[in-house]
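Visitor: what would the 3D arrangement of this be:
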Amino acid sequence: MAVLNFTLQKTDDKTKARAGEITTDHGKIETPIFMPVGTVGSVKAVTQQQLKQDVKAQIILGNTYHLYLRPGLDVLETAGGLHKFNGWDKPLLTDSGGYQVFSLANNRKLTEEGALFQSHIDGSKHLFTPENVMDIQRIIGGDIIMAFDECPPYPSDYAYAKKSMELTHRWLDRCFERFNNTPDKYGYTQNLFPIVQGSTYKDLRTVSAEYIASKNATGNAIGGLSVGEPTEVMYEFTELCCDILPMQKPRYLMGVGTPWNILENIALGIDMFDCVMPTRNGRNAMLFTSNGVINIDNKKWEKDFSAIDEGIDCEMSNYYSKAYLRHLMKAKEYLGYTIASVHNLAFYLWLVKQAREHIIAGDFSGWKNDMVVKLQQKL
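Guide: The predicted structure follows:
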């Protein structure tokens, strides 16, 4: 058992982009990295074998809120944690459920103690506190577990954002106290990442980033961005946080984003990303490719028998044609959702691997600027 380790291998000369390596007890993660989101213990429409072979995922997410409600902690603990339950033997990150509770604004009540919420499944009432969220994530079995925070909506007025941030910091103290006084489960090290909040106010973000940095955690996260604010604002506050958070620890920008968002945020110093966009958009006929964005529903692809994307390293993307995928999507055939989801995820993982290679080669900046333009083209 070893505490998570982060080795910084190369920093870009013209930007703040970094290439590194995170070591956990379930294996190594090369950064920058994108983490597919496995909300209920599965990445929608994608098998664990496909995640390894086609997508080449190195780490996936599990969602505390959803897994707590179903299948429940008893099943997960009896199985030996989510790794054993779903057969994923690589690193796993669990989010704290804070974002889901935030998105249930009509069915939850925040107090100093925690968040009281109603299940979206059966309406039953539950209380998440910083303490029990640490216990729940230990039982789920994340290699990386997240602090319980409040994610304020955008826009938030200053008074609300400040009050919310201060609550998040008090909750964080309780998270660390519980985390430090409870043992790892299942025989491997679990690592707690705190989360910077503060909405879109420079002074609040500065205070929060400094507070998070002072915790000397094994890694740090930036939350509360990609919640509706303009893209330029996201970049501004990402950069502000990265300039404060320690260089020698991995930085995780939660819930971001489009391929071009990811490249721009890598350039600002982010190492880890997650987002439901590749799978959700894939199921809705939107494909991200190495040449631009495709709406596979469009009639122009009806007789296009070329591969979905020959430019990336994914057997599925190289094997199936645009015409065939369009047919499956039009027929609402489940295989179409799988192919589109696997392709989009494989593209995201290919993209961050390319970014890493260009950082190491020393020509990241020029490559990134060209790719940002290319990837946004509508094909």
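
Visitor: give me the residues contacting the lowest-mean-pLDDT helix or strand in the chain.
Guide: Among the helices and strands of the chain, helix 98-103 carries the lowest confidence by mean pLDDT, DSSP states H and E, at a mean of 76. Residues outside helix 98-103 that contact it (CB atoms under 8 Å, 6 or more residues apart in numbering): 63-66, 108, 115, 117, 128, 146, 148-153, 195, 223, 254-255. Placement of C-beta: from N, CA and C, glycine included.

Visitor: pull out the buried positions in it.
Guide: In terms of neighbour count (16 or more other CB atoms under 10 Å), helix 98-103 has its buried residues at Gly98, Tyr99, Gln100, Val101, Phe102.

Visitor: still on that earlier bit, which of the contacts of helix 98-103 fall in helices?
Guide: Taking DSSP state H, the ones among these that sit in helices are Thr64, Tyr65, His66.

Visitor: skipping its backbone neighbours, what lies nearest the residue most central in space within the chain in space?
Guide: Residue closest to the average C-alpha location in the chain (CA atoms, centre = their mean): Asp274, at 1.9 Å. Counting by CB to CB, 6 or more residues apart in numbering, Asp274 lies nearest to Met35, which is 4.3 Å off, once chain neighbours are set aside.

Visitor: pLDDT score for that neighbour?
Guide: Model confidence at Met35, expressed as pLDDT, equals 98.

Visitor: could you do Met1 as well?
Guide: The predicted local confidence for Met1 comes out at a pLDDT of 69.

Visitor: ok, back up a step: switch the buried residues of helix 98-103 over to CSV; also include distance to Leu73.
Guide: Converted to CSV, these look like this (distance: CB to CB, whole Å):
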residue, distance to Leu73
Gly98, 18
Tyr99, 20
Gln100, 16
Val101, 17
Phe102, 22
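
Visitor: where does the stretch 1-150 of the chain dip in pLDDT?
Guide: Counting by pLDDT under 70, the stretch 1-150 of the chain contains low-confidence residues at 1, 105.

Visitor: quick one, strands of it?
Guide: Assignment of strands within the stretch 1-150 of the chain using DSSP state E, counting those that start in this stretch yields the ranges 5-11, 18-24, 27-31, 33-35, 37-38, 60-63, 92-95, 108-110, 115-118, 125-128, 144-146.

Visitor: just the stretch 251-379 of the chain next, same as before
Guide: Chain-ordered strands for the stretch 251-379 of the chain, with DSSP E, counting those that start in this stretch as the definition, fall at 251-253, 272-274, 286-289, 292-295.

Visitor: who does the third one touch, helix- and strand-wise?
Guide: Here strand 286-289 touches helix 277-283, strand 292-295, helix 334-361, going by 3 or more CB pairs under 8 Å, 6 or more residues apart in numbering; DSSP states H and E.

Visitor: identify each buried residue in the longest one, please.
Guide: If I follow you right, that is helix 334-361. The neighbour-count check on helix 334-361 (16+ other CB under 10 Å) flags 336-356, 358-359 as buried.

Visitor: and Arg174, what does it touch?
Guide: Per CB under 8 Å, 6+ apart, neighbours of Arg174: Thr129, Pro130, Glu131.

Visitor: verify the contact between the second one and His169 for me.
Guide: No. Counting by CB atoms under 8 Å, Pro130 stays clear of His169, with 10.9 Å between them.

Visitor: between the two, which one's more packed in?
Guide: More neighbours surround Pro130 than the other of Pro130 and His169, with 25 against 19 (other CB atoms under 10 Å).

Visitor: without its sequence neighbours, what residue ends up closest to that one?
Guide: With CB to CB, 6+ apart, the residue lying closest to Pro130 is Arg174, at 3.8 Å.

Visitor: what count of nearby residues applies to the closest residue to Lys330 other than its chain neighbours?
Guide: Taking CB to CB, 6+ apart, and ignoring the residues beside it in sequence, Lys330 has Asp297 as its nearest neighbour in space, at 7.2 Å. Neighbouring residues of Asp297 were enumerated by other CB under 10 Å; the total is 12.

Visitor: what pLDDT does Asp297 get?
Guide: Listed pLDDT for Asp297 reads 98.

Visitor: mind listing what it touches?
Guide: When the contact criterion is CB under 8 Å, 6+ apart, the partners of Asp297 are Ala285, Arg326, Met329, Lys330.

Visitor: ok, so of those, who is nearest Lys14?
Guide: For those, the closest approach to Lys14 (CB to CB) belongs to Ala285, at 36.9 Å.

Visitor: how much space between that closest one and Glu315?
Guide: Between Ala285 and Glu315 the distance, using CB to CB, to the nearest Å, works out to 21 Å.

Visitor: more neighbours: which of these two?
Guide: More neighbours sit around Ala285 than around the other of Ala285 and Glu315, counting by other CB under 10 Å; the figures are 19 against 12.

Visitor: pretty sure that one contacts Asn295?
Guide: Yes. Under the criterion of CB under 8 Å, Ala285 is in contact with Asn295, at a separation of 5.9 Å.

Visitor: please, which helix or strand holds Leu172?
Guide: helix 158-180 (DSSP states H and E).

Visitor: which residues touch the nearest residue to Thr279 once chain neighbours are set aside?
Guide: Once flanking residues are discounted, Thr279 sits nearest to Ser341: 4.5 Å by CB to CB, 6+ apart. With contact set as CB under 8 Å, 6+ apart, Ser341 has these partners: Val43, Lys44, Ala45, Val46, Pro278, Thr279, Gly282, Arg283.

Visitor: switch to 7 Å and redo it
Guide: The neighbours of Ser341, taking CB atoms under 7 Å, 6 or more residues apart in numbering as the test, are Lys44, Ala45, Val46, Thr279, Gly282, Arg283.
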